[in-house]
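**Q** model the following, please.
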Amino acid sequence: MDPILDDHLHLDPVNGRGVEAAAEFARAGGTHLLVLNKPSWSLVGEVDDESGFRETFDLTVEVARKANERLPGRAWPVLGIHPALISRLVDREYTPENACDLMQAGLDIAGEYVADGPALAVKSGRPHYDVSEAVWDASNEVMRHAFHVGAAVGCPVQLHTEAGDDFTTVATWAEDAGLPAGQVVKHYAEGPVTGPVASVIARKGPLRAAAESGDPFMLETDFIDDPDRPGAVLGPKTVPRRVRWLREEGYDEAVQRAMVETPAAVYGIDTEATLDG
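**A** Residues are numbered from 1 along each chain as shown. All right, here's what the predicted structure looks like:
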């Protein structure tokens with residue numbers, strides 16, 4: 001069995017399928033998962049202090065632990081603060097500055113979960129939709145804080161951002177904070193990107209572009225585990241299917257890059273050694 005990693009998938013133990021979605025991934029041939037916490041408001045409701053973030057993270061750590069029991073490889077939690085939280089807070093009459101403070105406190109807690117062992121990386125970013133200049137500036141401060149957290153605890157940072165393929169400035173901010181650009185991951189990349197490492201949405205066009213680029217990349221579904229939107233963004237079986245397609249298209253070297261070499265370089269994980277048997 002060869003390793004097959006989904007770099008960004010959500011498991012919702014409160015409202016969704018939870019560990020059963022991980023089991024479906026395994027039945028399709030998947031072996032390893034990076035399990036991102038759902039946005040705090042969709043798991044525990046509105047958050048105004050650190051306890052809400054801890055509850056969100058604990059739920060995700062536990063569902064990843066249960067997923068381990070269903071996978072031939074491993075599941076690792078990736079914990080953080082969804083960048084859209086700033087808009088929800090501002091709608092509730094937080095100032096952008098106060099929202100930034102709360103979100104940075106949440107990232108500090110995510111860093112604790114990495115330092116203490118259960119989590120592999122943290123997640124941050126900035127809104128992918130139009131916002132005011134004040135919210136945009138505050139969001140960039142939140143993201144830059146995430147880079148400092150990653151540098152302090154020695155872990156990568158996954159980013160949820162606007163679409164695009166040039167994030168040189170963002171990578172420079174990470175480097176300035178002491179986090180190598182090679183430990184910054186652009187979640188939902190639609191092909192190769194400049195600056196961070198691309199986590200490419202598992203659709204054929206973006207994957208072909210990534211495979212042919214020769215650059216480090218990984219695959220993801222961004223499965224959101226929402227019963228009202230089954231299969232969104234992509235279903236749990238998609239990455240195993242796309243890996244088979246890549247091999248059929250002759251991209252064996254790219255599969256090795258995406259499933260073994262890039263996860264090792266970015267996260268320090270060995271997807272081959274962590275396979276059962």
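
**Q** how far off centre is stretch 117-137?
**A** Taking Cα atoms, centre = their mean, to the nearest Å, one finds the center of stretch 117-137 at 12 Å from the center of the full chain.

**Q** endpoint to endpoint, that stretch covers what distance?
**A** Its start and end residues considered, stretch 117-137 measures 32 Å (Cα to Cα, to the nearest Å).

**Q** check stretch 110-123 too.
**A** In terms of Cα to Cα, the two terminal residues of stretch 110-123 are separated by 8 Å.

**Q** in that stretch, what's buried?
**A** For stretch 110-123, a neighbour-count test (16 or more other Cβ atoms under 10 Å) marks 110, 111, 112, 113, 114, 118, 119, 120, 121, 122, 123 as buried. Where C-beta positions appear, they are placed from N, C-alpha and C, glycine not excepted.

**Q** quick one, what contacts the residue of the chain most remote from its centre?
**A** Going by Cα atoms, centre = their mean, the residue of the chain most distant from its centre is residue 93, 28.6 Å out. Taking Cβ atoms under 8 Å, 6 or more residues apart in numbering as the criterion, residue 93 is in contact with no other residue.

**Q** need the buried residues of stretch 110-123 in CSV with distance to residue 216, can you?
**A** Formatted as CSV, the entries for the buried residues of stretch 110-123 read as follows, by distance: Cβ to Cβ, whole Å:
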residue, distance to residue 216
110, 24
111, 24
112, 28
113, 25
114, 21
118, 26
119, 22
120, 17
121, 15
122, 20
123, 19
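
**Q** shaky segments in this protein?
**A** Residues of the chain meeting the criterion pLDDT under 70: 277.

**Q** tell me where it has strands.
**A** Chain-ordered strands for the chain, with DSSP state E as the definition, fall at 5-10, 32-36, 75-80, 121-125, 157-160, 184-189, 197-201, 217-220.

**Q** so which of those strands gets nearest residue 260?
**A** strand 5-10 (8.7 Å; Cβ to Cβ).

**Q** which residues touch the nearest residue to residue 223 once chain neighbours are set aside?
**A** Sequence neighbours aside, residue 9 is the residue nearest to residue 223 in space, at 4.6 Å (criterion: Cβ to Cβ, 6 or more residues apart in numbering). Applying Cβ under 8 Å, 6+ apart, one finds that residue 9 lies in contact with 21, 25, 33, 34, 35, 36, 220, 221, 222, 223, 225, 236.

**Q** of those residues, keep whichever come out buried.
**A** Here, 16+ other Cβ under 10 Å leaves 21, 25, 33, 34, 35, 36, 220, 221, 222, 223, 225, 236 buried among these.

**Q** the fourth one reaches residue 10, doesn't it?
**A** In other words, residue 34. No - between residue 34 and residue 10 there is no contact under Cβ atoms under 8 Å: 10.2 Å.

**Q** hey, what's in contact with both of these two?
**A** Both residue 34 and residue 10 lack any common contacting residue under the criterion Cβ under 8 Å, 6+ apart.

**Q** helices along the stretch 51-200 of the chain, start to end?
**A** Here the stretch 51-200 of the chain has its helices, by DSSP state H, counting those that start in this stretch, at 85-91, 96-115, 133-153, 168-177.

**Q** check what contacts the first one and list those residues.
**A** Okay, so that is helix 85-91. Around helix 85-91, the neighbours that count as contacts under Cβ under 8 Å, 6+ apart are 39-41, 46-47, 96, 98-100, 102-103, 127, 131, 135, 138-139, 142.

**Q** show me just the buried residues among those.
**A** Buried, going by 16+ other Cβ under 10 Å: 39-40, 47, 96, 99-100, 102-103, 127, 131, 135, 138-139, 142, out of these.

**Q** would you list those in a markdown table and tack on distance to residue 182?
**A** Putting those into a markdown table (distance: Cβ to Cβ, whole Å) gives the following:
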| residue | distance to residue 182 |
| --- | --- |
| 39 | 27 |
| 40 | 29 |
| 47 | 32 |
| 96 | 31 |
| 99 | 30 |
| 100 | 27 |
| 102 | 30 |
| 103 | 25 |
| 127 | 25 |
| 131 | 29 |
| 135 | 29 |
| 138 | 27 |
| 139 | 23 |
| 142 | 22 |
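
**Q** from the contacts of residue 9, which single one is nearest residue 62?
**A** Checking the contacts of residue 9 against residue 62 with Cβ to Cβ, the nearest one is residue 35 at 10.3 Å.
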